[in-house]
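Peer 1: Predicted coordinates and the sequence they were generated for:
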Amino acid sequence: MAMLYYTAQRLGDVLGMQWSDVEDDRITVVQDKTKKPMKIPIHSALKAELATRSQGEGPICLTIHGKPMRDDNARKILKAFSASAGAPSVPHGLRKNAVIALLEAGCSAAQTAAVSGQSLLMVEHYAKQRDQSALADAAMLRWENRT
């Protein structure tokens with residue numbers, strides 16, 4: 001789950017990530033859908049999660065038996081986790097939530113797209129789903145601090 005959320009990538013791209021793709025606090029991925037090469041900084045929470053795993057050769061995402069995680073296995077795990085949290089079990093939902101979190105942290109649409117690899121149009125689509133009240137509070141605070 002942490003890999004999906006903190007990289008803001010598609011499930012297939014996350015499952016394809018190898019330990020050899022991790023270098024200098026970044027994960028390198030070539031997105032399957034767009035063929036876009038990405039060098040994504042590793043969020044500190046993901047760095048802590050990765051530190052708990054056996055590092056070496058091969059895929060980052062493994063089953064409890066040490067085999068490469070398949071799409072169907074990942075979806076089952078996500079479904080169980082989501083059910084316990086009362087949330088929908090869609091891998092894309094974690095990507096969407098990551099994009100919204102980046103935007104709410106104050107990242108521009110261009111900065112957010114640089115992490116997710118999505119078009120500016122798609123990032124702006126997700127921007128519409130942010131918490132309006134929190135955005136209005138932040139806007140008013142910025143306005144008041146200018147005067």
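Peer 2: Yep, it's here.

Peer 1: what sits against the closest residue to Ala2 other than its chain neighbours?
Peer 2: With sequence-adjacent residues excluded and distances taken as C-beta to C-beta, 6 or more residues apart in numbering, Ala2 is closest to Glu49, at 4.4 Å. Where C-beta positions appear, they are placed from N, C-alpha and C, glycine not excepted. Applying C-beta atoms under 8 Å, 6 or more residues apart in numbering to Glu49 gives the contacts Ala2, Met3, Tyr6.

Peer 1: who wins for most neighbours among those?
Peer 2: Going through the contacts of Glu49 with other C-beta atoms under 10 Å as the criterion, the one with the most neighbours is Tyr6, at 24 neighbours.

Peer 1: Name the SS class of it, please.
Peer 2: Per DSSP: H, G, I helix; E, B strand; the rest coil, the local secondary structure of Tyr6 is helix.

Peer 1: That one touches Leu50, doesn't it?
Peer 2: No: taking C-beta atoms under 8 Å as the contact criterion, Tyr6 and Leu50 are not neighbours in contact, 9.6 Å apart.

Peer 1: where does this protein have low pLDDT?
Peer 2: Counting by pLDDT under 70, the chain contains low-confidence ranges at 82-92, 147.

Peer 1: so where do the strands sit in it?
Peer 2: Counting by DSSP state E, the chain forms strands over residues 22-23, 26-30, 37-41, given from the N-terminal end onward.
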